[in-house]
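Undergrad: after the sequence you'll find the predicted model.
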Amino acid sequence: MDRPLSAGERYLTRTAVTRVLVIGGGIAGTATALGLHKAGFDVTVFESHPDSAEDIGAFLTLASNGMRALAQLDATDAVTAVGFPLTSLRLLDHQGTEAAHAPLGEAADPALRYRCLRRGELNAALQGETARRGIPLRHGARLESVTDGPDGVTARFADGTSATGDLLVGADGLNSTVRRLITPGVRPGYAGQRVYYGYTAAAPVAGPDGTITMVRGSEAAFGYAVSPAGEAYWFARVGGDPLPAGASGGPSAALRGQLLPLLRKDATPAADLVEAAGDGIMVTNATELPLGATWRSGRVLLIGDAAHAASPATGQGASMALEDAVVLAKALRDLPDPLGAFAAYERLRRPRAEHNITVSGGISRGTHAPSRPAPGTAAGPAGGAARPTAPDEDLIRQLAWDTALPAGPPAAD
């Protein structure tokens, strides 16, 4: 560090951590809780949603790197109980001609195969695993303020309650309250595309089993996977102006009407899949956080999308959050002081996470796939790269639970 330590940070260099508060009960928060609990910490999760009956939400894919992180958290079985595996990636051009078809990720290992599932299903699986291990998860806890001092960090909630711990992890997503409190000027920005998601209950087209198909359309990028039950999960990426702030994009019929004229210009399965879709179509802006944003302040650390949200084009958001959870748990377990652990975590995670922001944003803003996808991955369900990549050996070592993390030099503040 090139600045003097605050009083709270000086205290952190000589104290043992026992209790950690995690703000956010989604993918990043529950995975962080699982990792910290496994590492021996007393952890409590605070979720603003009033109950566990959250929306099913859009689908996502967990890549092999995310599945590897889940395995280190002993949570593979909980997640593979939902969704379905993907073992290959197929690329079609705008005429519907197959341009490539290749294995996807680490398809040879059933535990590391890509997995397609709905975001709500993944949330529910991880929350269920959190409950099974006896980790407290408090719903309806909407964070209002954080006070960081020499004796601990206190979170105060809208219902008048509070909680104090040794550390606080902000895992509350793209529109993070924790991030707003520690770095109020950092906000997500538009990455150049709207992303439509939908489901077609009875897919009018069949695809090879376990395959996600990417379509390089003339007006939109499209991708779909057909489940063993015959339901197609699909997305479309379309350039143009962002949705207005607070806008939902309209009813499914309107969204279908926006997509079909674009998709019908090509001789691909995309238009038929969208036309046959039901009422579950949704649209969102592709957004990203700026590079170099602050991840930590004193006893407070950001993780997952709260720290490094990227456009969804590489399909790596959930997998990156799972990696974060493992590396943070190992850093706090292995390193002698929390400040050093936070610095090591940032040193290990920032280059990879920010490379993903850059690559994913490049896909969203451009018309061609990048020369290489995010390190150690193949481009995910909204990406354009059909070439699989070899496992990242450095990442494997970082995620291996029985391998200690090196302290290394501190990350720059």
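TA: Nice, I can see it.
Undergrad: CA only for contacts and neighbour counts going forward, please
TA: Noted.
Undergrad: what comes up buried for stretch 250-257?
TA: Applying a neighbour-count criterion of 16 or more other C-alpha atoms under 10 Å, one finds 252, 255-256 buried in stretch 250-257.
Undergrad: ah, wrong one, I meant stretch 158-171
TA: Quick answer for stretch 158-171 (16+ other C-alpha under 10 Å): 164-171.
Undergrad: repeat that for stretch 62-77.
TA: 62-73, 75-76.
Undergrad: now it: mean pLDDT?
TA: The average of the pLDDT scores along stretch 62-77 is 98.
Undergrad: and if you look at stretch 342-357?
TA: Throughout stretch 342-357, pLDDT has a mean value of 97.
Undergrad: run the chain-centre distance for it.
TA: 14 Å (C-alpha atoms, centre = their mean, to the nearest Å).
Undergrad: what residues of it count as buried?
TA: For stretch 342-357, the buried set under the neighbour-count rule, 16+ other C-alpha under 10 Å, comprises 342-350, 353-357.
Undergrad: as a check, name the ranges of all helices in the stretch 51-200 of the chain.
TA: Counting by DSSP state H, counting those that start in this stretch, residue ranges of the helices within the stretch 51-200 of the chain are 64-72, 76-80, 119-132, 177-182.
Undergrad: which residues touch Gly366?
TA: By C-alpha atoms under 8 Å, 6 or more residues apart in numbering, the contact list for Gly366 is empty.
Undergrad: circling back to that earlier point, from the buried residues of stretch 342-357, which land in helices?
TA: Among these, the ones falling in helices (DSSP state H) are 342-350, 353-357.
Undergrad: hang on, the earlier thing: got the buried residues of stretch 62-77 as a markdown table, with distance to Asp148 columns?
TA: Shown next, in a markdown table, are the buried residues of stretch 62-77 (distance: C-alpha to C-alpha, whole Å):
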| residue | distance to Asp148 |
| --- | --- |
| Leu62 | 35 |
| Ala63 | 36 |
| Ser64 | 37 |
| Asn65 | 34 |
| Gly66 | 32 |
| Met67 | 34 |
| Arg68 | 34 |
| Ala69 | 30 |
| Leu70 | 31 |
| Ala71 | 34 |
| Gln72 | 31 |
| Leu73 | 29 |
| Ala75 | 32 |
| Thr76 | 35 |
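Undergrad: which of these lies closest to Thr32?
TA: Nearest to Thr32 among the buried residues of stretch 62-77: Leu73, at 9.2 Å, using C-alpha to C-alpha.
Undergrad: quick one on the thing from earlier: just the buried residues of stretch 250-257 now: which is nearest Pro269?
TA: The shortest distance between Pro269 and any of those, using C-alpha to C-alpha, involves Arg256 and amounts to 14.7 Å.
Undergrad: tell me what the helix or strand containing that closest one is packed against?
TA: Per DSSP states H and E, Arg256 falls inside helix 252-263. Helix 252-263 makes packing contacts with helix 270-275, strand 282-288 when contacts are defined by 3 or more C-alpha pairs under 8 Å, 6 or more residues apart in numbering; DSSP states H and E.
Undergrad: kindly reformat these as a markdown table and extend each row with distance to Asp159, mean neighbour count and mean pLDDT.
TA: Supplementary listing: these in a markdown table, determined by distance: least, C-alpha to C-alpha, whole Å; neighbours: other C-alpha atoms under 10 Å; pLDDT from 0 to 100:
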| stretch | distance to Asp159 | mean neighbour count | mean pLDDT |
| --- | --- | --- | --- |
| helix 270-275 | 43 | 21 | 96 |
| strand 282-288 | 30 | 22 | 95 |
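Undergrad: to Arg187, which of these lies closest?
TA: Closest to Arg187 of the helices and strands packed on helix 252-263 is strand 282-288 (C-alpha to C-alpha; 8.6 Å).
Undergrad: give me the contacts around that closest one.
TA: Where contact means C-alpha under 8 Å, 6+ apart, the residues beyond strand 282-288 that reach it are 58, 188-198, 242-243, 248-249, 252, 255, 308-312, 357, 361, 364.
Undergrad: Ala163 against Thr147, yeah?
TA: No - counting by C-alpha atoms under 8 Å, Ala163 stays clear of Thr147, with 10.5 Å between them.
Undergrad: common neighbours of the two, please.
TA: Once C-alpha under 8 Å, 6+ apart is applied, the residues that Ala163 and Thr147 both contact turn out to be 154-155.
Undergrad: returning to that earlier point: pull out the buried members of the contacts of strand 282-288.
TA: Taking 16+ other C-alpha under 10 Å as the criterion, what is buried in the contacts of strand 282-288 is 58, 188, 190-198, 242-243, 249, 252, 255, 308-312, 357, 361, 364.
Undergrad: so of those residues, which ones are in strands?
TA: Per DSSP state E, strands hold the following members of those: 190-198.
Undergrad: okay, and for the stretch 101-250 of the chain, where does confidence drop off?
TA: Residues of the stretch 101-250 of the chain that meet the criterion pLDDT under 70 lie in 246.
Undergrad: and the strands in it, which stretches?
TA: Along the stretch 101-250 of the chain, the stretches classed as strands by DSSP state E, counting those that start in this stretch are 114-118, 137-139, 143-149, 152-157, 162-165, 167-170, 189-200, 211-216, 221-226, 232-239.
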